[in-house]
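Novice: Dropping a prediction and its sequence here:
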Amino acid sequence: MSIFTRSVIVALCVSALAVIGGTGTGCGGDPGGGPRWETVVSSEVSGAEPVKLLLGTYELGDRVRIGWDLSGAENPDVTFTLRAVEISAGTGFGASVSPGDALFKLHGDEVLVLGPIRPGDYRLYFSQRFPPSTAPGYDVKFTISTTQ
């Protein structure tokens with residue numbers, strides 16, 4: 001193995017450790033093992049038709065997550081998106097997931113996570129998109145939370 005190859009492998013290992021270490025609580029962290037989450041908003045959406053919701057403006061911490069319970073149609077061709085747009089700067093953050101994605105879950109408290117972001121006031125959007133000809137999508141009960 002060449003010196004260059006070893007250097008690349010070492011750099012990747014150090015980067016991976018930094019990422020893993022950055023997601024933990026470390027010394028003085030929450031004894032529960034992670035950040036404390038506070039509910040921002042909960043809602044329900046029918047899968048009868050595609051939907052894009054402006055959920056409102058909320059004060060958010062440095063991370064935002066959505067958890068949900070999906071029911072109804074079996075494996076529909078849908079894409080879920082969570083977006084947060086900062087009021088003062090107009091910058092946005094978002095993430096999407098579809099049933100074919102490796103991280104997709106029908107049930108979970110942490111399906112999509114945005115962050116770290118700068119704490120402040122954000123407009124939150126949630127959407128379930130699919131071609132109307134492939135309806136229905138999932139019926140969704142979801143909760144959006146932020147770190148305290």
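Specialist: Structure's in. What do you need?
Novice: Figure out how far stretch 35-54 is from the centre of its chain.
Specialist: Centroid separation for stretch 35-54 versus its chain: 12 Å, with CA atoms, centre = their mean, to the nearest Å.
Novice: should've said stretch 124-135
Specialist: How far stretch 124-135 lies from its chain's middle: 17 Å, per CA atoms, centre = their mean.
Novice: any idea how far Ala84 lies from Arg63?
Specialist: Ala84 is 10 Å from Arg63, where distance means CB to CB, to the nearest Å. The way it works is simple: take the backbone N, C-alpha and C, and place the C-beta from them, glycine included.
Novice: Kindly report the same for Pro50.
Specialist: Using CB to CB, Pro50 is found at 27 Å from Arg63.
Novice: returning to what we had before: in terms of neighbours, single out the busier of Ala84 and Arg63.
Specialist: Shown here are Ala84 and Arg63; by other CB atoms under 10 Å, Ala84 has more neighbours (24 against 17).
Novice: Is Glu59 part of a helix or strand, or is it coil?
Specialist: strand (DSSP: H, G, I helix; E, B strand; the rest coil).
Novice: that older thread, which neighbours do Ala84 and Arg63 share?
Specialist: Leu114, Ile117 (CB atoms under 8 Å, 6 or more residues apart in numbering).
Novice: any idea which helix or strand of the protein has the worst average confidence?
Specialist: None of the helices or strands of the chain scores lower by mean pLDDT, DSSP states H and E than helix 3-23, at a mean of 41.
Novice: Right, I'll leave it there.
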